[in-house]
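Engineer: can you look at this prediction? I've put the sequence above it.
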Amino acid sequence: MKDRRRLEGRVAVVTGGGRGIGRAIARLFAGEGARVTVWELAPPAERWWEEGRGEITMDEVDVTSAEAVRQAAARAVARHGRVDVLVNNAGCNLWHQPHLEDLAEEELQRLLEVNLHGAVRVTRALLPHLPADGRVINISSILATQGFPGQSAYAASKAGLEALTRVWARELGPRGITVNAVVLGFIDTEMNAGLTPELRRGVVARTALRRPGTPEDVARVCLFLASADAAFITGARLPVDGGLRL
Ligand SMILES: NC(=O)c1ccc[n+]([C@@H]2O[C@H](COP(=O)([O-])OP(=O)(O)OC[C@H]3O[C@@H](n4cnc5c(N)ncnc54)[C@H](O)[C@@H]3O)[C@@H](O)[C@H]2O)c1
């Protein structure tokens, strides 16, 4: 007999799930029985979310707008009554990797707004609707703890997100809600499309498994954290990096 699907009856919100890692998470969660709402700044022209057998709704939302997030939370709750699993995945980086002296004020603000404040805004909006076994999964990066030149803004935003993960795990633990961070190495998505071939080769050479990760590698770990199997894990940083951090 086939196993019961691991997220049967669960309701999930995945931010930035129009493409890349978020799309893989949304697809996998839906395939495992969840009803998924994707909050996406730029919904893609190709309506991939209508293809699967699972239920995925695409909602155009900018996580930097408190009002847009508030309205999206109201729509999600009106549709499904609650949200069991939130994946704070929306994120961006700077293609040109500016060192401190070249980092523009607007660039710093933009990255903090999307990667850090966005997660605060979204989590706060959905908090009243998370049940006792709710899950929050924050998508971080090994750059949060590595001093990689040209990554001031991104590193600060992800280090902040990991700090929030620990604080929220403490704050929400008494309600039964778990909060964890998935800490990614180099994953093949459009976010990295602008890297030079040399930089890409260098990162892969430093990865113990000698390959970039796939969005599906990440999605499977998020599925574990969202599932009943991870009920007693909270405040953790789970590396999904093929050994790049070592
Ligand atoms: N790809 C990697 O190597 C890597 C490594 C470490 C961490 N990450 C993190 O993984 C997450 C997903 O990244 P990805 O690689 O799939 O990149 P991606 O650029 O393919 O996807 C990011 C998605 O977030 C959306 N987004 C951006 N700003 C938004 C906003 N204001 N509101 C709503 N949606 C917004 C984008 O439109 C896009 O669909 C990000 O948080 C990223 O920082 C990626």
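Structural biologist: Cool, got the structure.
Engineer: what about the residue nearest the centre of the chain, distance to residue 171?
Structural biologist: Closest residue to the average C-alpha location of the chain: residue 89 at 2.0 Å, with C-alpha atoms, centre = their mean. Using C-beta to C-beta, to the nearest Å, residue 89 is found at 21 Å from residue 171. All C-beta spots, glycine's among them, are computed from the backbone N, C-alpha and C.
Engineer: residues in contact with residue 141?
Structural biologist: Listed by C-beta atoms under 8 Å, 6 or more residues apart in numbering, the contact set of residue 141 reads 154-155, 158, 183-184.
Engineer: in a markdown table, list those residues along with secondary structure, neighbour count and pLDDT.
Structural biologist: Shown next, in a markdown table, are those (DSSP: H, G, I helix; E, B strand; the rest coil; neighbours: other C-beta atoms under 10 Å; pLDDT from 0 to 100):
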| residue | secondary structure | neighbour count | pLDDT |
| --- | --- | --- | --- |
| 154 | helix | 23 | 98 |
| 155 | helix | 19 | 98 |
| 158 | helix | 27 | 98 |
| 183 | strand | 24 | 98 |
| 184 | strand | 26 | 98 |
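Engineer: gap between the residue nearest to the centre of the chain and residue 202?
Structural biologist: The gap separating residue 89 from residue 202 is 26 Å, by C-beta to C-beta.
Engineer: now swap in residue 94 and tell me
Structural biologist: 19 Å.
Engineer: between those two, tell me which one has more neighbours.
Structural biologist: Ranked by neighbour count (other C-beta atoms under 10 Å), residue 94 and residue 202 place residue 94 first, with 19 against 13.
Engineer: got any ranges where the chain has weak pLDDT?
Structural biologist: Scanning the chain with the threshold set as pLDDT under 70 gives 1-3.
Engineer: ranges for the helices of it?
Structural biologist: Secondary structure of the chain by DSSP state H: the helices cover 20-31, 66-80, 105-111, 118-126, 152-172, 197-206, 215-226.
Engineer: related to what we said a few turns ago, tell me which residues touch the residue nearest to the centre of the chain, please.
Structural biologist: Shown in contact with residue 89 (C-beta under 8 Å, 6+ apart): 14-17, 21-22, 25, 139.
Engineer: which of the contacts of residue 141 are close to the ligand?
Structural biologist: Restricting the contacts of residue 141 to those within reach of the ligand (C-beta under 6 Å from any ligand atom) leaves residue 184.
Engineer: near the ligand, which residues of this protein? Just list them.
Structural biologist: Contacts of the chain with the ligand, taken as C-beta under 6 Å from any ligand atom, map to 15-16, 18-22, 39-42, 61-64, 89-92, 114, 118, 139, 141, 184, 186-187, 189-192.
Engineer: again, only this time at 5 Å
Structural biologist: 16, 18-21, 41-42, 62-64, 89-92, 114, 139, 141, 184, 186-187, 189-191 (C-beta under 5 Å from any ligand atom).
Engineer: what's the local residue count around residue 211?
Structural biologist: By the criterion of other C-beta under 10 Å, residue 211 has 12 neighbours.
Engineer: look up phi and psi at it.
Structural biologist: phi -150, psi 160 (degrees, to the nearest 10).
Engineer: next, the contact list for it, please.
Structural biologist: The contact partners of residue 211, by C-beta under 8 Å, 6+ apart, come to 204, 242.
Engineer: ok so, going back, which of the residues of the chain next to the ligand count as buried?
Structural biologist: Buried by 16 or more other C-beta atoms under 10 Å: 16, 18-21, 41, 62-64, 89-92, 114, 139, 141, 184, 186-187, 189, out of the residues of the chain next to the ligand.
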